[in-house]
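*Asks:* sequence and predicted structure below; questions after.
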Amino acid sequence: MLYSLSCIYNKAAIYLSYIFFIIFRNGSIERLDEDNNLQRIITSYNEAEDNINVVVSYECETTEKAYKSKIPEYFRVRPLSNKEIKAGDDSVVNFPGNGQVLVDGIPGGPSGGQKAKLFSYNVVFEPGATQEDVLQFSGMKRLIEMGVEGFRCTCFCYGQTGSGKTHTLTGPPGLLGIQTAPYSDKHGLVFRSFMYLFKLIQEQPGIHFVLKASYLEIYNEKVIDLLNPGSARKPLAVRWSKKARGFFVENLFTVDCEELDDLIAVLEEGLRNRSVGKHNMNDYSSRSHTILCVHITSEQPAEGGVFISRSGKINFVDLAGSEMTKKTQSEGKTLEEANNINKSLMVLGYCIASLSDSKRKNSHIPYRDSKLTKLLADSLAGNGVTLMIACISPAKSNIYETINTLRYAARAKKIRTKPVVLMVRHCKGNKMCYTFGLSVYKTYKSIYQHNWFCNGSKPEREVIRVREDPREALILSLKREVTVLQSENEHLRSALNVYSDSAGDVSSERRLIITPPHVDLEELAKLEGPQLADLVRLYMKENEALRKDNEELFTSRELLQRDHELVCRENERLLKKLEEVNSSPLIPARPAFSAEALNSDPDASTNIWTNPIQDKLSDNSSSKQVPDFIKKELNKRQIGDRKTPSRTPRRYNSVEDKSSIAKAVRLKSSESLDIPHQNESSMPSKKDQRRFSVAKPGLENADESKGDTKNPELFGSVISLTDEDELN
Ligand SMILES: Nc1ncnc2c1ncn2[C@@H]1O[C@H](COP(=O)(O)OP(=O)(O)OP(=O)(O)O)[C@@H](O)[C@H]1O
């Protein structure tokens with residue numbers, strides 16, 4: 001039975017891949033526009049390099065075969081906006097065909113202009129492409145089919161702010177909810193995917209499907225349920241699930257969707273509740289990352305009264321766009337949002353850079369550094385299938401961001417995932433039948449998994465291998481997890497050694513983690529039931545210990561980073577003041593160490609440097625004669641002599657926490673200014689105090705945003721591209 005199923009799948013997959021090939025064989029699709037001009041809408045990928053052969057193979061994951069799926073990259077270039085046309089902005093993006101994008105007019109270089117850059121991708125949607133074209137030719141339909149087959153699929157859109165991500169996924173602003181045009185040609189990929197999903201389901205009446213949907217946003221590093229935000233928009237926790245071996249959002253509202261209308265209502269409700277703001281580059285700018293997830297579970301009757309259950313899902317991820325705050329002219333709340341957006345995109349950039357680098361991909365990937373990467377971990381490198389759509393603006397004024405997005409995509413294209421689907425065979429009536437996830441290993445006789453991969457070569461077929469003993473599979477999966485945790489542990493330890501000597505104390509704890517004996521695959525097969533059970537227990541123990549250890553290391557790292565940040569800020573401020581003081585004609589440029597000073601009491605608070613003017617000034621009874629800024633600086637110097645306050649075991653994660661850091665620093669600064677016996681007139685003016693204290697909440701990251709504007713590489717700033725990334 002299973003074999004016949006596999007044959008059907010294989011044939012279907014080969015057939016699909018064949019269709020795929022025909023569509024894109026000649027590299028481009030053209031049609032007549034309204035003025036009867038031939039308009040090219042799509043240029044497709046370079047066949048030799050990136051043809052997508054969709055191949056389905058069956059194999060037990062435990063055989064560890066290295067079939068992997070490439071992340072296909074699609075590009076959408078939006079038309080020039082009215083604002084850009086009015087401002088006389090030119091298009092600098094050209095389409096030579098064959099899935100290539102040529103960017104010219106790059107400023108800089110010795111002769112005033114750099115050589116044009118050429119990039120190649122799977123498919124490029126030119127400005128004339130419609131929303132329906134994107135559905136038809138982006139591989140999205142195949143992704144939905146795979147979701148129905150039981151794969152965990154993700155489609156995500158990224159690019160700079162105003163590049164058309166939301167337009168591609170959900171359509172122009174205000175479209176949904178318009179009762180008069182329920183099936184408008186402006187509807188985005190999500191709406192069209194829902195329709196295709198229901199069409200697929202209706203074509204398979206013999207299979208019982210259950211659809212559920214959830215919708216969340218990550219706003220300022222807080223996860224908000226868009227279907228049930230509540231008046232307080234209380235954030236939800238992101239936790240690690242031991243069972244599912246992945247991160248999940250606790251208490252996320254999930255809605256049963258029996259009809260297409262239910263799914264559309266979910267989309268509408270989410271769009272209504274998501275955070276949108278206005279800035280210089282987009283009147284309806286998404287201020288958060290959103291993830292709309294459709295869970296698809298199916299139950300199919302098979303021979304002998306058994307049923308096959310599958311559980312797939314499709315994630316639609318609309319990332320907030322990277323922003324140069326100088327260009328968007330963000331301030332206050334929008335600036336804080338922009339900083340959070342840029343930070344989380346930077347972490348995503350780090351993860352993508354590590355995953356796409358063959359030398360680094362087995363090292364630690366910093367998924368835990370942001371909520372976004374935690375929730376996308378499985379899509380980026382786990383057992384999921386992922387499709388990326390990069391959106392760019394053709395305008396010359398956005399050329400740096402465009403190049404960065406193109407580079408980012410070149411990186412992401414190199415990532416490989418290992419898509420896997422769990423199919424569970426069970427008898428109806430057995431209560432355990434409806435249990436999905438890893439617990440099935442313990443419950444059911446056989447586990448069938450199949451891998452989908454695009455390896456760019458001829459379609460292959462795999463012989464079905466069914467491993468009868470699920471405990472072996474569990475041991476292997478635990479082993480793999482332990483390896484990942486160990487590498488994370490190593491990474492954290494080495495990072496902590498850089499920051500602190502105290503990391504040595506922590507490392508001693510590691511000796512408590514008992515490593516189970518190494519058992520080869522062949523030996524494993526010979527082990528008896530109780531021995532296997534013992535081994536599983538040992539691995540689970542080690543796993544648990546490593547996880548705890550890593551949690552602690554993360555906490556320490558976070559604390560150390562915060563301390564480091566505080567000290568850096570204080571140092572920066574002091575250096576700035578020192579520069580100011582040194583440039584003053586009243587004070588010698590360098591501190592003078594007299595022999596007396598060096599021999600004097602080492603505990604004296606002014607043992608570093610004594611301002612020679614101070615003595616003269618102190619003789620004078622009227623302190624009003626001392627210029628304010630000098631006095632202030634003298635007072636400030638006492639901060640440098642203060643001991644660093646002992647660390648409190650506190651995390652600073654949220655915005656409120658950040659403001660408390662700011663408060664703490666402000667307090668520190670004001671403490672240092674609060675000198676006993678000083679009369680009020682000699683206190684620094686309010687204006688000066690502002691200059692010395694940390695920015696108001698919301699503006700406290702202003703320096704970083706300034707840094708961002710200096711470095712236009714925001715979204716791709718962590719990625720330094722080698723020549724080989726830029727094709728041609
Ligand atoms: N392909 C397109 N055709 C026509 N208009 C488009 C296209 N892409 C984007 N636009 C328009 O450009 C504007 C900005 O697009 P959108 O809001 O989707 O950008 P975004 O990348 O999601 O920005 P942000 O990251 O700030 O949310 C919108 O008015 C949208 O309708």
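*Replies:* Nice, I can see it.

*Asks:* for this structure, longest helix please?
*Replies:* In the chain, taking DSSP state H as the definition, the longest helix is helix 529-582.

*Asks:* what pLDDT, on average, does that one get?
*Replies:* For helix 529-582, mean pLDDT is 77.

*Asks:* so which elements touch it?
*Replies:* Applying 3 or more CB pairs under 8 Å, 6 or more residues apart in numbering; DSSP states H and E, we find helix 529-582 packed against helix 470-499, helix 503-509, helix 628-641, helix 655-673. (Each C-beta comes from the backbone N, C-alpha and C, glycine too.)

*Asks:* go again using 6 Å as the cut-off
*Replies:* helix 470-499, helix 628-641 (3 or more CB pairs under 6 Å, 6 or more residues apart in numbering; DSSP states H and E).

*Asks:* least reliable of the ones you listed going by mean pLDDT?
*Replies:* helix 628-641 (a mean of 48).

*Asks:* hmm, stretch 162-169 touching the ligand?
*Replies:* Yes - residues of stretch 162-169 contacting the ligand under CB under 6 Å from any ligand atom: 162, 163, 164, 165, 166, 167.

*Asks:* ok, the fourth one - contacts?
*Replies:* Residues touching residue 165, when contacts are defined by CB atoms under 6 Å, 6 or more residues apart in numbering, comprise 157, 159, 318, 391.

*Asks:* 8 Å instead, please
*Replies:* Going by CB atoms under 8 Å, 6 or more residues apart in numbering, residue 165 touches 157, 158, 159, 286, 318, 319, 321, 389, 391.

*Asks:* now, those residues that are in strands?
*Replies:* Among the contacts of residue 165, the residues falling in strands (DSSP state E) are 157, 158, 286, 318, 389, 391.

*Asks:* which members of those residues are the farthest-apart pair?
*Replies:* Pairwise distances across the ones in strands among the contacts of residue 165 peak at 14.9 Å for 286 and 389 (criterion: CB to CB).

*Asks:* got the buried residues for stretch 122-138?
*Replies:* The neighbour-count check on stretch 122-138 (16 or more other CB atoms under 10 Å) flags 122-127, 129, 131, 133-138 as buried.

*Asks:* which of those lies closest to residue 306?
*Replies:* The nearest member of those to residue 306, counting by CB to CB, is residue 135 at 35.8 Å.

*Asks:* what helix or strand is the residue nearest to that closest one when sequence neighbours are not counted on?
*Replies:* Leaving aside its chain neighbours, residue 135 sits nearest to residue 192 (4.4 Å; criterion: CB to CB, 6 or more residues apart in numbering). Using DSSP states H and E, residue 192 sits in helix 189-202.

*Asks:* mind giving me the packing neighbours of that helix?
*Replies:* helix 131-137, helix 140-149, helix 165-170, strand 208-219, helix 260-273, strand 289-301, strand 306-318.

*Asks:* for that helix, give me every contacting residue.
*Replies:* Contacts of helix 189-202 (CB under 8 Å, 6+ apart): 131-132, 134-135, 138, 140-141, 144-145, 147-148, 155, 168-171, 176, 207, 209, 211, 260, 263-264, 267, 292, 294, 296, 314, 316, 389.

*Asks:* mind checking the pLDDT average for that helix?
*Replies:* On average, helix 189-202 scores 93.

*Asks:* and what of stretch 160-170?
*Replies:* 91.

*Asks:* can I get it as CSV, trimmed to CA atoms?
*Replies:* The C-alpha coordinates for stretch 160-170 follow below in CSV (Å, rounded to 0.1, in the frame of the first residue of the first chain):
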residue,chain,number,x,y,z
GLN,A,160,13.3,47.9,2.2
THR,A,161,10.4,49.9,3.5
GLY,A,162,8.0,50.8,0.7
SER,A,163,9.3,48.2,-1.7
GLY,A,164,5.9,46.4,-2.0
LYS,A,165,6.1,43.5,0.4
THR,A,166,2.6,44.0,1.9
HIS,A,167,1.3,44.8,-1.6
THR,A,168,2.6,41.5,-2.8
LEU,A,169,1.2,39.5,0.1
THR,A,170,-2.1,41.2,0.9
